[in-house]
Structures are given as structure tokens and as C-alpha cells.
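Colleague: coords please:
(4 chains)
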Protein chains: 2
Amino acid sequence: MPASPRRTTLATVAASAGVSVATVSKVLNGRGDVSPVTRSLVESLLEEHDYVSLSQRRRGDAAVPATIEVELNADLNPYSTEIVQGAVRAEADAAIVVSIRTNADRAGTWARGLAAAGRRAVIAITSELTAEQLGALSRARLPLVVIDPLNMPQTRGAVSVGSTNFAGGLVATQHLLALGHRRIAYLGGPATAACNQARLHGYRAAMEAAGVPATPSHVREGPFHYQEGVKGGAALFDLPEVPTAIFTGCDEIALGVLEAARARGVRVPEDLSVVGFDDTQVAKMASPPLTTVRQPLREMGGVAVRTALRLAAGERVDSHHVELATELVVRGSTAAPGALPGRS
Amino acid sequence: MPASPRRTTLATVAASAGVSVATVSKVLNGRGDVSPVTRSLVESLLEEHDYVSLSQRRRGDAAVPATIEVELNADLNPYSTEIVQGAVRAEADAAIVVSIRTNADRAGTWARGLAAAGRRAVIAITSELTAEQLGALSRARLPLVVIDPLNMPQTRGAVSVGSTNFAGGLVATQHLLALGHRRIAYLGGPATAACNQARLHGYRAAMEAAGVPATPSHVREGPFHYQEGVKGGAALFDLPEVPTAIFTGCDEIALGVLEAARARGVRVPEDLSVVGFDDTQVAKMASPPLTTVRQPLREMGGVAVRTALRLAAGERVDSHHVELATELVVRGSTAAPGALPGRS
DNA sequence: CTGAAAGCGCTTACAG
DNA sequence: CTGAAAGCGCTTACAG
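Modeller: Residues are numbered from 1 along each chain as shown, chains lettered A, B, ... in the order given. Sure thing, here's the model as predicted:
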């Protein structure tokens, strides 16, 4: 979008409202001595002419480094921590403001507040953005980059960053099949999340290709939480056909499964193989260390920041969805079914 | 520091330099048509009069929310993640800029850059700040709050936030003693860190009060890393007097010990009790879940932000060191020595 | 309530 | 190089 040669000034707005510059200035500064009628007329004209205050224009100067908002929908977890890490490391000149959205504000207030505070772009991690919020960001001229949105239909228009989730689900399941497992369960993420759907399809594709279609009772979906792993793992152990391996939707769920196994006296990997997803810090710190599908989360954070900066600079981006490669990382939580202990 | 009634304007500087306002303006805007002599005279006078540009003043307006820099000295880990979490949640109106210091810039450049970018205060987590950096922040009028600095002597003047580490070390060790342990090892943090020293003293005090002074070979210090736990745990298992319990300097180290134990076939808590420190997210996700000394890390992040904002507003703070209470959280990684399994 | 007028802080084209 | 002068965008005390 080419910038218009001159930005709107108070004089423009005053002329179109048929009032003096002084009156417009008063409205802007929230003075009391303006009639409600005049005030609302001026306010709508300010909006219409897309008036940007002097201080905001100054803040847009090259001298002031950009700030980018990284919005979380919940507390930092091992997954979002990695993305934030990558965003923070990405660009020395882009300050990353981390915040947790409370949804207390209305969409317009929220977006305008961000613009007024000097944000140049917004990166939303696993958020559920409404159509109003997307519209408000657009009106505030704030570009948006989403990472793993939880509600696909609404956010389809936004620029997004993700990873090859289908391939990840496929390779994780193939790894377990190659070890000799046949009763492989999927303990995944929220059914509405696109990333979860892709992983599930990868799992199903691998199972079908191996001639052992997934048993319906072996597929469970739920939030990406540790407790899901504890509960889901326990539920799977109660099945008549107990799985010998569980492919999980994220490392946190996998750690929950590890705990469910320990509580039952089920040994990992001797009695049960477990595969995580993400390769967050906790994967390496698990006992046994987790075999997991690595998502390049830090790189994804970095790509999101660089994409956001390009959008903020008015550049076009080639692709509306950047997808980075996943990779299987084999550690100690997987083995052939019935394998003997003895690993290091 | 009471703000002077009026900030320096170009006119003031022009008068004291004996040049016109126009010339000063040219210097500020980096125009070429100013003689080097005049330029350097004006520049030093701008510095001397502490001139703040209009845009910077505007950025200081109440309308623009404060931004606070949270400086990490390394990648986000479970400990610093919790503090960041608390800082982000603390004040709706204070934007938290997270960054990892690279030390590429000289101290003055770094501090002035932060001030120019609109930061109002700096919070440093487990950093090693030099005297130059402290001085540069002070000259840039940026208040500093430190959390668990790694080098105590240099940072003694700074306002700090911490927790009752001595009490934490004491209560953790007393818990193990009460369970019946006598051979209790300490696998702690860096010897130079004040928080580590306090925990070690608490451990020693408890041991001495119980009449079982700590064996020197049972005390090891090192970085707050997972690998320290793996290596340190293995080293302790090789001792002639193998400990029956290990009190660790942080949850990450404790998870390393869990893994060292698993690799040796040592069962936790039946053969070995393990106590962590911090109560980060990974403590709950460990298998078995960790008994640990909870530091209120989120609260510490929140207190740091509120203190930083007060200092930025020119208020005096009552105390140069705020200390929050630690608390023992008993989970599944501790039991009486030689206890039988059977817990849930 | 409203706006003409004075004023503030800054920038810039231009005469010297 | 330098600065007087014109001008820009905005604010505010005050007259009506």
C-alpha cells in the first residue's frame, strides 16, 4: 500500500467537519468543553480520515525500533516458550512485547491500543481470533501472523507459520511400526486444531499403509495438557486391547503418559513406547528422554517475526502460509515391543 | 528526583551555544551544512542540558503505556519462563519487552539504546552486570531491578527481588531428615551465586542441627543445568558412601538426577529421594512428580515489574531487597529410605 | 460551547 | 556555514 503523500492533519478534519482546528484539538485531547454532537461528529471524521497523532507519526520514525506484539492465549508452556525464544532471538532491532490476552477489551479498543502503544505487527500463538478481532487489526493497520491457530475457518485469511504436521505424524507412526508395534494409539490435541488434524491424518495414513488400520478406541483427542496424558494414558491401559505404543500430540501429553505408566508399573520403553511432538526442552529432560517429532519452533518464531516486519514495512509476502520441516528425533522412550532393558 | 518545571528546548541550547535555533535543529537532524566545530559544540551542549526530543517526550506521555525491558543472560529455561510469565501478567499497562543480551554493544550504547527505544526500566534475571553497565543505566536514567544476580559484589547497589533461599534449603533438608535419611547430598548451583550460597547454608545448618554434618564429597556445585544433574548424580552413585537422598539446586538438576538414577536402575523414591528447587512447570511433569522447594517465581516477576514502575515514576522504594517466602511442596520423589513402592 | 488569536517547539528554503 | 523569516501542526487562555 503506497503511503499517501501527506497524512491527515487537524486542519483537514476541521474543514470536513465545518469546525475550527481548535475544536478538533479539544476532542482529541478529551477536553470537556465540546458538545456531545460536535464531539461525535469530529470523532467519526477523525476515524474516517484515519487521523494519526503527531506522537504516533514520530514513533513511526526510523530512529525508533519497531515493537512487535506476541500474543499468547494462555500461560507460557514448553511449546510457546520455544516460539517466544525464537522470536526474541530473531531480530536485534525488533523489540518483542510478550503478552497474554485477557479478552477484556473489545476488539477495536484492543487493536487501537496496540497501535497507539507503538506496535507494528501482531503474532498470535495458538489463539482463537474472532472475525471482529481480525477486522479491528486490519483497520488499525496492524499486520497479523498466526502460528497454529486453534480455529481454522476464521483465521484462514491471515498469514500463518507452521510445520509439516502430516509428515510428522506419518514418520512418528512409521518409526513405531518399524520397531514392530501394531497396537499404536494416538493421544492427540484439540479436534478443531488444524495441526492436530494433520498429525492424526499422518498417523492414519501410516497405519493403513501398514495394513493395520487404527482402532477407534485407540484414538483420543483433547487439550495439549500434561493432565490429558495422565488421564488418556490411564484410559488406554484399561482397554481390552492395550496399546504397546502411544503417539502423542505434544511433549507435555507424552510426559503425562510417562507418569501414567509409572503409576501402573508399566515400564517405558520395555512395556510401552511413547513418542512426543515438538521437541521442547522437557523432551530432553524426561526420564527416559523422549523420542519426539521435532518442530523447529524457534525457527518458526523467527520466521513469524521477519514476516511480520516485512508486512509492517508494506511489503508483499510471497506465501500466505510458511511451512517448516518436522524431523523425528529418536531418544530413549521407544523400543521394540517386549524389548529387554539394557540401554544406557 | 523532582522533574524540573520545563524540559530543555532548542532555544535554551541555542542561547547557551550562541547560535540560532535553526542551527541546533540542523545538528539534531544530522544535516550536512553545519561546521564540525559548531556541530560538536552544540552536541555537547545538548548532552549537558539533557535535551530530550519532542518525540521522546511524547513517548513519555501518560497516553503511551510504559515498556519495561526484561533482560535474560541466556535462553529461556523453566525458571526464567516462570518469572517472565509473572512479569507479563503483572500490569496490564506495562508492556514487557523480553530480550536476551548479547553483550555485543558497549555499555553506554546499550543503555542509551534502551532509553531511546522507550524503555522505562530494566529487569535483569540471573545476569552478570558489570559496573560499567550499572553506571550506563544510571546515566540513561533507567532504573534497574535484579533477580538472582550471579555476581553479587558488583550488583550490591541495585534493587533486587529474591526469595528465602536459606529457609528453603533448611526445610528441604529437614524434610529428608524427618523421613529418616542421613546420607543427604547437595547438588547445587554456581558457587558465586548468592541464592546458591544461601541454600547450601540452609542445608548445612539442618544437617548440623541433626548431628550429621555434611560429608564434603556429598556437596557439589555447578551451573543450573540438566546435564549437571545427570553428571553429578552419576558421580554421587560412584561414591563409597552412596547418598540415599539428593537435594538439588533447581528442578532442572533434579530431573537430571532422575535420569541418572533411571540409567543405573536406581528407583526413585524407593532407593533414592530427590528434592528440587523452584517448583517450575517441569516439577509437576516429572516422573515421579518432584518434591521441591517452591519459589514464588511469578510473584517475583510481578514484584519486579511493580518495583521497576515505581522507580521509573521517581518514587522511592522502601527496601533495596524484597524477599518472598519459599515453601516445601511434597510430591512423589521423596520417601523414607528403603521404602516399599505402592504409591499412586 | 465555539473559535480567533497568540503562542510553542520545531523545520526548512533561502539570502547572505 | 549561518540565521532571519516563514511556515507547520498543534494547544490553550479567553472573548463572545
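Colleague: helices along the stretch 1-150 of chain A, start to end?
Modeller: Chain-ordered helices for the stretch 1-150 of chain A, with DSSP state H, counting those that start in this stretch as the definition, fall at A:10-17, A:21-28, A:36-48, A:54-59, A:78-90, A:107-116, A:131-139.
Colleague: so for A:G265, which of these sits nearest?
Modeller: Each of these was scored for nearness to A:G265 using C-beta to C-beta, and the closest is helix A:78-90 (26.8 Å). The C-beta positions use only the backbone N, C-alpha and C, and glycine is treated the same way.
Colleague: low pLDDT regions in the stretch 1-150 of chain A?
Modeller: Across the stretch 1-150 of chain A, residues meeting the criterion (pLDDT under 70) sit at A:1-7, A:52-65, A:103-104.
Colleague: got the domain ranges for chain A?
Modeller: Here chain A is described, according to automatic domain parsing, as comprising the domains A:10-51, A:67-163+A:298-323, A:165-295.
Colleague: and these: which comes nearest DNA strand C?
Modeller: Each of the domains of chain A was scored for nearness to DNA strand C using C-beta to the nearest atom of the strand, and the closest is domain A:10-51 (3.2 Å).
Colleague: and that closest one, how far from the chain's centre?
Modeller: Taking C-alpha atoms, centre = their mean, to the nearest Å, the mean C-alpha location of domain A:10-51 is offset from the chain mean by 40 Å.
Colleague: likewise stretch A:151-166?
Modeller: Between the mean C-alpha point of stretch A:151-166 and the mean C-alpha point of its chain there is a distance of 9 Å (C-alpha atoms, centre = their mean).
Colleague: again, but for stretch A:119-133
Modeller: Remark: stretch A:119-133 is offset 10 Å from the chain centroid, using C-alpha atoms, centre = their mean.
Colleague: over to stretch A:71-85?
Modeller: 8 Å.
Colleague: related to what we said a few turns ago, closest to chain B out of the helices of the stretch 1-150 of chain A?
Modeller: Of all these, the one in closest proximity to chain B, counting by C-beta to the nearest C-beta, is helix A:54-59 (3.4 Å).
Colleague: can you give me the helices in the stretch 151-300 of chain A?
Modeller: According to DSSP H, counting those that start in this stretch, the helices that the stretch 151-300 of chain A contains are A:152-155, A:165-179, A:194-209, A:226-237, A:251-264, A:281-285, A:297-312.
Colleague: tell me the most buried of those?
Modeller: With neighbours taken as mean count of other C-beta atoms under 10 Å in any protein chain shown, the helices of the stretch 151-300 of chain A reach their highest mean count in helix A:251-264, at a mean of 26.
Colleague: could the helices of the stretch 1-150 of chain A go into JSON lines alongside distance to A:L311?
Modeller: Below are these laid out as JSON lines (distance: least, C-beta to C-beta, whole Å):
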{"stretch": "helix A:10-17", "distance to A:L311": "27"}
{"stretch": "helix A:21-28", "distance to A:L311": "28"}
{"stretch": "helix A:36-48", "distance to A:L311": "23"}
{"stretch": "helix A:54-59", "distance to A:L311": "18"}
{"stretch": "helix A:78-90", "distance to A:L311": "14"}
{"stretch": "helix A:107-116", "distance to A:L311": "14"}
{"stretch": "helix A:131-139", "distance to A:L311": "11"}
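Colleague: so can I have a markdown table of the domains of chain A showing distance to B:Q197?
Modeller: Output for the domains of chain A, formatted as a markdown table (distance: least, C-beta to C-beta, whole Å):
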| stretch | distance to B:Q197 |
| --- | --- |
| domain A:10-51 | 53 |
| domain A:67-163+A:298-323 | 28 |
| domain A:165-295 | 25 |
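Colleague: of all those domains, which one is nearest B:G256?
Modeller: With C-beta to C-beta as the criterion, B:G256 lies closest to domain A:165-295 of the domains of chain A, at 7.5 Å.
Colleague: so A:G232 makes contact with A:V219?
Modeller: No. Contact between A:G232 and A:V219 fails when scored by C-beta atoms under 8 Å: they sit 10.5 Å apart.
Colleague: what residues does chain A put near DNA strand C?
Modeller: Chain A has residues A:18-23, A:26, A:32-38 near DNA strand C, with proximity defined as C-beta under 7 Å from any atom of the strand.
Colleague: top of these by neighbour count?
Modeller: Of all those, A:T23 has the most neighbours under the rule other C-beta atoms under 10 Å in any protein chain shown, reaching 22 neighbours.
Colleague: which residues are in contact with that residue?
Modeller: Each residue near A:T23 by C-beta atoms under 8 Å, 6 or more residues apart in numbering or on different chains is listed here: A:14, A:17, A:34, A:38, A:42.
Colleague: mind showing which ranges of the stretch 151-300 of chain A have poor pLDDT?
Modeller: Within the stretch 151-300 of chain A, the stretches falling below the threshold (pLDDT under 70) are A:152-155.
Colleague: could you rerun that using 50?
Modeller: In the predicted model of the stretch 151-300 of chain A, no residue satisfies pLDDT under 50.
Colleague: state the distance from the nearest residue to A:S25 once chain neighbours are set aside to A:C250.
Modeller: Distance criterion C-beta to C-beta, 6 or more residues apart in numbering or on different chains; nearest residue to A:S25, sequence neighbours excluded, is A:L10 at 6.0 Å. In this view, A:L10 and A:C250 are 52 Å apart by C-beta to C-beta, to the nearest Å.
Colleague: higher neighbour count, the two?
Modeller: Looking at A:L10 and A:C250 with other C-beta under 10 Å, you find the greater number of neighbours at A:C250, namely 32 against 20.
Colleague: thought the more buried one was touching A:G189?
Modeller: Yes. Between A:C250 and A:G189 a contact is recorded at 6.5 Å, counting by C-beta under 8 Å.
Colleague: now do the shared contacts for the two.
Modeller: In contact with both A:C250 and A:G189: A:F224, using C-beta under 8 Å, 6+ apart.
Colleague: for the most centrally placed residue in chain A, what are its contacts?
Modeller: Residue closest to the average C-alpha location in chain A (C-alpha atoms, centre = their mean): A:I125, at 2.5 Å. Residues in contact with A:I125, defined by C-beta under 8 Å, 6+ apart, are A:70-73, A:80, A:83, A:146-148.
Colleague: give me the number of residues near the closest residue to A:R119 other than its chain neighbours?
Modeller: Computed as C-beta to C-beta, 6+ apart, the closest residue to A:R119 that is not its neighbour in sequence is A:E69, at 4.7 Å. Here the count is done by other C-beta under 10 Å, and A:E69 has 22 residues near it.
Colleague: any idea what A:E69 is bridged to?
Modeller: With DSSP bridges applied, the residues forming beta bridges to A:E69 are A:V97, A:V122.
Colleague: surely it meets A:I123?
Modeller: Yes. Counting by C-beta under 8 Å, A:I123 is a contact partner of A:E69 at 7.0 Å.
Colleague: ok so, going back, from the contacts of A:I125, pick the one nearest DNA strand D.
Modeller: Of all the contacts of A:I125, the one sitting nearest DNA strand D is A:E71; the distance, using C-beta to the nearest atom of the strand, is 29.5 Å.
Colleague: nearest residue to the closest one other than its sequence neighbours?
Modeller: Nearest residue to A:E71 in three dimensions, chain neighbours excluded: A:A124, at 4.7 Å (C-beta to C-beta, 6+ apart).
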